[in-house]
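Engineer: What follows is a protein structure lacking sequence information:
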């Protein structure tokens with residue numbers, strides 16, 4: 001993958017998931033926000049839950065109502081990153 005292709009992929013991903021205020025997927029807090037994230041995941045910051053990531057595939061399950069994010073757990077991976085799963 002060239003540098004230009006990578007830049008285009010990042011820009012396309014950002015267009016689908018614009019940063020800004022959102023409801024927290026996990027607790028529903030209306031003071032949460034989606035942060036810029038260039039990969040196939042979304043970064044969130046919530047005053048109640050803290051910062052966490054949601055993998056793209058998991059987020060699509062939440063969007064399609066095949067999984068309930070309120071029943072999900074925030075887990076910490078080996079790198080210390082918090083994920084809603």
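Structural biologist: Nice, I can see it. Quick caveat: nothing in here was measured; it's all calculated off a predicted structure. Numbers count the residues shown, from 1 in each chain.

Engineer: which residue sits closest to residue 61, ignoring its sequence neighbours?
Structural biologist: In this structure, residue 61 finds its nearest non-sequential neighbour in residue 67, 4.1 Å apart by CB to CB, 6 or more residues apart in numbering. Every C-beta, even on glycine, is put in place using the N, C-alpha and C of the backbone.

Engineer: Verify the stated contact: the one you found with residue 58.
Structural biologist: Yes. If you go by CB atoms under 8 Å, residue 67 and residue 58 touch, sitting 7.1 Å apart.

Engineer: Give me the more crowded residue out of the two.
Structural biologist: residue 58 (19 against 15; other CB atoms under 10 Å).

Engineer: how close does the residue nearest to residue 47 when sequence neighbours are not counted sit to residue 50?
Structural biologist: Closest residue to residue 47 apart from its sequence neighbours, by CB to CB, 6+ apart: residue 31 at 5.2 Å. Distance, residue 31 to residue 50, using CB to CB, to the nearest Å: 13 Å.
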